[in-house]
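*Asks:* Here is my input; please provide its structure:
(2 chains)
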Amino acid sequence: MEISVTESGEVRILSFQGNLDTNTSPEAENAINRLIDAGAQKLLVNFESLDYISSAGLRILLATAKKLKASQGDLKICCLNETVQEVFDISGFATILSVSQTEEEALGAY
Amino acid sequence: MIKELSRTRLLWDSLILALILVSCVMVPYQFAFNQGSALSGFQVIYLIDLFFIVDIYLNCCTTFRRHGVEVSDRPSCTKRYARRMMAVDVLGSLPLDLVAWVLIGNGQFLGGSLVLALRLLRLLRIVRLFVILKRWEAFSWSNPGTLKVVKFLVSILLLMHWLACIWFFSAFASGFPANSWATRAGISDSGAIAQYIRSIYWTITTMTTVGYGDITPARSAEYVLSAIIMLMGASLYAFIIGSIASLLGSIQAAKNSHWERIDSVTEFLRQRQVPAEIDAKVRNYYEYVWEHDRGMNKNEMLNDLPAPLRLEILLHLASNILETVPLFKNCSPTLRDEMLISLESRTFTPGSNIAGEGEIGRSVYFIVEGNVEIISTETEKSWGTLGEGDYFGFLSMVLGERRTATTRAVGFCDLLILDRENFNRIKAEFPEFSDVLKRASAERTEQISELVLEGIIL
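*Replies:* Coordinates of the predicted model:
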């Protein structure tokens, strides 16, 4: 899995490519934690190129959202493909994690 | 119009049933034992007639079922009644005896009173008794076995009563000659009650093949009558013993067959030397199935029914989860029905695993009754309890992952299970399903997210 980080104002945008599963989630978790440790409060996770998310990936997103909420920060997610969107819908995470259709829409919501 | 299975009709039928019994006892008794006063008790007889005439009218206004559909238009009901039972009912209710008495006075018939003989037509009412009992079989509260016993006992008692009347009338009609049984038994001049007691005593001793021999026939007519009654008694005796055994058995048929099943399972377990502890669990399960479902295999029973009827029962059985489970609350009736019909009902015994840790999720489980504990198998750590109306299994099924905890029945648990094939089929056939799932999940996200954060996937 490839993770790239870009910036848009105060927001750090993480783009994931490939599968976010048990094998790749530690890598993703480290990348997110590094940003938070560096003082980032507003994170946007772009899943445009993400093919699949497992429970391990969902757990990282939930944990990050919880951590950021505690420090007045914010986690948003955008550009889910159909498979990932279904997982979000059925698990109900689409309602507790802030999900947007496009990156622009997500950035505008901060 | 009166509905065939209405409360009004039931109450009226109960009254008519009682009056039929009174008529069938009183009329032959009067004919055989009360010849001296031809019109005695006529007020009661004619009052009862009035009820039966009203009954004829009400029968014309009572609905009936044709091919399972209730027919309630008056002409059809009257036509059907006229074609089937009206003639018998009219003949059994017309006061022909009164007409005869007015026209020709108290004439003679077979050595007895013509007026009283004409009253015997009221015995035709017995046919209505069977019509009523047949109607009652359609009521859910009636036990077919009990009704059979009632029908059987009433028939036997009435038959004995009628035969006692005929037996006494055989002596009366010929004017109590010296060799008649009544004269030899010394009751020709006794009161009607004493005469009746001796007659019914003889009938019962003969019919039950006891035959003490204290009252015996001496004349040809009495021999013929005795032979007929003995033949009837012997066959009836065999019939009674056989029928009562099978009727008593049929009343508890369901219970007996359930316990027979338990016995054969226990026998099998014993033969295979299965530990007594497991044997006790099996018996415990069967006892619960009896208490809860009267031994009925719900899935088998439901699959036997046509889909619309199955759906009606399921709507009732699952009413508590339909009202509480968000998934069903948010459904359109069509989608809800489709889901219900696709669900499989299963009972889990206390302590049994419903969905094991490490297995890939293939079904969603809805708790209809009982509690389910979420447990880590290795550490036996409990992650909480799910109760009636809760459901689990979605996440591991949708993610296609192995479950990270076991769900275990705390007591007996009744669950409805939706398997992956049906889940995918419904999702493909009903576009609204995804939206319903989304809204339903939103209501319990907190619970799910807490478990996911702990790494628990069900």
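*Asks:* contacts and neighbour counts: CA atoms only from here.
*Replies:* Noted.
*Asks:* Now residue 71: phi and psi?
*Replies:* By default, I'm working from chain A. Phi and psi for A:S71, reported as degrees, to the nearest 10, are phi -110, psi 30.
*Asks:* looking at chain B here, not the other one
*Replies:* Dihedral pair for B:V71: phi -90, psi 120, per degrees, to the nearest 10.
*Asks:* Doesn't B:V368 lie inside a strand?
*Replies:* Yes - with DSSP: H, G, I helix; E, B strand; the rest coil as the criterion, B:V368 is part of a strand.
*Asks:* ok, so what distance separates it from chain A?
*Replies:* As for B:V368, its distance to chain A is 21 Å (criterion: Cα to the nearest Cα, to the nearest Å).
*Asks:* ditto for B:K329
*Replies:* Where chain A is concerned, B:K329 sits at a distance of 16 Å (Cα to the nearest Cα).
*Asks:* mind checking how far that residue is from A:T102?
*Replies:* Using Cα to Cα, to the nearest Å, B:K329 is found at 32 Å from A:T102.
*Asks:* Okay, and the beta partners of the residue most central in space within chain A?
*Replies:* Per Cα atoms, centre = their mean, the C-alpha nearest to the average position across chain A is that of A:V45, at 3.3 Å. Applying DSSP bridges to A:V45 gives these bridge partners: A:L14, A:I77.
*Asks:* before we move on, what about B:C413?
*Replies:* The partner residues for B:C413, given DSSP bridges, come to B:F348.
*Asks:* Does it touch B:P350 like I think?
*Replies:* Yes - proximity of B:C413 to B:P350 meets the contact threshold set by Cα atoms under 8 Å, at 7.5 Å.
*Asks:* Of these two, which one has the most company?
*Replies:* Between B:C413 and B:P350, counting by other Cα atoms under 10 Å in any protein chain shown, B:C413 is the more crowded of the two (23 against 18).
*Asks:* Domain-wise, how is chain B divided?
*Replies:* Following automatic domain parsing, one finds the domains of chain B at B:1-142, B:254-293, B:317-453.
*Asks:* What is the neighbour count of the residue nearest to B:V27 when sequence neighbours are not counted?
*Replies:* Spatial nearest neighbour of B:V27, chain neighbours left out: B:L120 (6.1 Å); criterion: Cα to Cα, 6 or more residues apart in numbering or on different chains. Using other Cα under 10 Å, B:L120 is surrounded by 20 other residues.
*Asks:* Surely B:L120 forms part of a helix?
*Replies:* Yes - secondary structure of B:L120 (three-state DSSP): part of a helix.
*Asks:* Assess the claim that it and B:P28 are in contact.
*Replies:* Yes - contact criterion Cα under 8 Å: B:L120 and B:P28 qualify, at 6.4 Å.
*Asks:* Quick check: next helix or strand after the helix of greatest length in chain B?
*Replies:* The longest helix of chain B (DSSP state H) is helix B:220-251. Per DSSP states H and E, helix B:220-251 leads on to helix B:253-271 as the next helix or strand towards the C-terminus.
*Asks:* so what secondary structure elements neighbour that next one?
*Replies:* helix B:276-293 (3 or more Cα pairs under 8 Å, 6 or more residues apart in numbering or on different chains; DSSP states H and E).
*Asks:* circling back: now do the contacts for the residue nearest to the centre of chain A.
*Replies:* By Cα atoms under 8 Å, 6 or more residues apart in numbering or on different chains, the contact set of A:V45 is A:13-16, A:75-78.
*Asks:* Nearest to chain B among those residues?
*Replies:* Comparing the contacts of A:V45 against chain B with Cα to the nearest Cα places A:L75 closest, at 15.5 Å.
*Asks:* send the alpha carbons of the host helix or strand of the closest one over as PDB?
*Replies:* A:L75 is part of strand A:74-78, with elements assigned from DSSP H and E. Taking Å, rounded to 0.1, in the frame of the first residue of the first chain, the C-alpha atoms of strand A:74-78 are listed here in PDB:
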ATOM      1  CA  ASP A  74     -11.000  16.600  13.200                       C
ATOM      2  CA  LEU A  75     -10.800  13.600  10.900                       C
ATOM      3  CA  LYS A  76     -12.600  13.500   7.600                       C
ATOM      4  CA  ILE A  77     -12.800  10.900   4.900                       C
ATOM      5  CA  CYS A  78     -13.500  11.400   1.200                       C
END
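*Asks:* Quick one: distance of that strand to the chain centre.
*Replies:* Remark: strand A:74-78 is offset 6 Å from the chain centroid, using Cα atoms, centre = their mean, to the nearest Å.
*Asks:* average model confidence for it?
*Replies:* Per-residue pLDDT over strand A:74-78 has a mean of 92.
*Asks:* elements contacting it?
*Replies:* For strand A:74-78, the elements it packs on are strand A:42-53, helix A:55-70, strand A:98-100, helix A:103-108, judged by 3+ Cα pairs under 8 Å, 6+ apart.
*Asks:* Could you pull out the buried residues of stretch B:433-443?
*Replies:* Neighbour-count burial for stretch B:433-443, counted by 16 or more other Cα atoms under 10 Å in any protein chain shown, picks out B:433-442.
*Asks:* ok, those vs B:G358, which is closest?
*Replies:* Nearest to B:G358 among the buried residues of stretch B:433-443: B:S441, at 23.5 Å, using Cα to Cα.
*Asks:* and B:P326, what does it touch?
*Replies:* By Cα under 8 Å, 6+ apart, the neighbours of B:P326 are B:439-441, B:443.
*Asks:* Grab the nearest non-local neighbour of residue 31.
*Replies:* Here I'm looking at chain A. A:I3 is the one closest to A:A31 (Cα to Cα, 6+ apart), at 7.9 Å.
*Asks:* other chain: chain B
*Replies:* Using Cα to Cα, 6+ apart and skipping the chain neighbours, the partner closest in space to B:F31 is B:L116 (5.3 Å).
*Asks:* For whichever strand or helix holds the one you found, enumerate the helices and strands it packs against.
*Replies:* Applying DSSP H and E as the criterion places B:L116 in helix B:114-119. Helices and strands touching helix B:114-119, as assessed by 3+ Cα pairs under 8 Å, 6+ apart, comprise helix B:7-33, helix B:96-104.
*Asks:* Tell me which of the domains of chain B sits most buried.
*Replies:* domain B:317-453 (a mean of 18; mean count of other Cα atoms under 10 Å in any protein chain shown).
*Asks:* Quick check: end-to-end length of that domain?
*Replies:* So domain B:317-453: terminal residues 35 Å apart, Cα to Cα.
*Asks:* how far out from the middle of the chain is it?
*Replies:* Worked out by Cα atoms, centre = their mean, domain B:317-453 lies 37 Å from the chain centre.
*Asks:* Could you pull up phi and psi at the spatially most central residue of chain B?
*Replies:* In chain B, the residue lying closest to the centroid (Cα atoms, centre = their mean) is B:N143, at 2.8 Å. The phi/psi pair for B:N143 (degrees, to the nearest 10) reads phi -90, psi 120.
*Asks:* Just the ones of the contacts of B:P326 in strands?
*Replies:* Using DSSP state E, no member of those sits in strands.
*Asks:* closest to chain A among the residues you listed?
*Replies:* B:S441 (4.4 Å).
*Asks:* what's the closest one in contact with, if anything?
*Replies:* Going by Cα under 8 Å, 6+ apart, B:S441 touches A:89-92, B:326-327.
*Asks:* What parts of the stretch 351-458 of chain B come near chain A?
*Replies:* Proximity of the stretch 351-458 of chain B to chain A, by Cα under 8 Å from any Cα of the partner chain, involves residues B:394-395, B:398-399, B:401, B:434, B:437-445, B:448-449, B:452-453, B:455, B:457.
*Asks:* Thank you, goodbye.
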